[in-house]
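Asker: have a look at this prediction, sequence included:
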Amino acid sequence: EQLVESGGGLVQAGESMRLSCKASGLTSSSYVMSWHRQGPGKERELVASIGSGGSPNYVHYADSVKGRFTISRDDAKNSVFLQMNSLKSEDTAVYSCAAGLFLRGPYNYWGEGTQVTVAE
């Protein structure tokens, strides 16, 4: 089982970025999919999660990203996405995707992460 993130990089504050996570060796539709981040000197936090294929309308967002980030999934592509708008410097972190059975965890499978850097 493998999760591979892509789409990270350097952006200016206020801009947008879209992260992708592709699963292999597991059927993403069977899992809750999620995005997490760990900023410099900070603990890892759950950013957003979305219900499994049968309940895609169940979503959870951290308060810090509500209204700015949107999680979505395309089970035909075994993928989950994170659209990030109005980015702030405090969004700078390594973003990782994960798969599990519950919206708020725990999560069984993790990607290695992709760096997102937001410059002022």
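Answerer: It's in. Residues are numbered from 1 along each chain as shown.

Asker: residues near Met84, how many?
Answerer: With neighbours defined by other Cβ atoms under 10 Å, the count for Met84 comes to 24. C-beta: built from backbone N, CA, C; applies to glycine.

Asker: the one 10 residues further on now?
Answerer: Using other Cβ under 10 Å, Val94 has 18 other residues around it.

Asker: tell me which element it falls in.
Answerer: Element membership for Val94 (DSSP states H and E) is strand 93-100.

Asker: what is the mean pLDDT for that strand?
Answerer: Across strand 93-100, pLDDT averages out at 97.

Asker: contacting residues around it?
Answerer: 1, 3, 5, 8, 19, 21, 23, 26, 28, 31-40, 42, 44, 47, 80, 82, 106-116 (Cβ atoms under 8 Å, 6 or more residues apart in numbering).

Asker: and stretch 77-86, by the same measure?
Answerer: 14, 16-24, 27-28, 33-35, 47-48, 50, 65, 68-74, 91, 95, 97, 116.

Asker: now list the buried members of those.
Answerer: By neighbour count, with 16 or more other Cβ atoms under 10 Å, the contacts of stretch 77-86 hold 17, 19-23, 28, 33-35, 47-48, 50, 65, 69-71, 73, 91, 95, 97, 116 as buried.

Asker: before we move on, back to that, among the contacts of strand 93-100, which are in helices?
Answerer: Of these, none are assigned to helices by DSSP state H.
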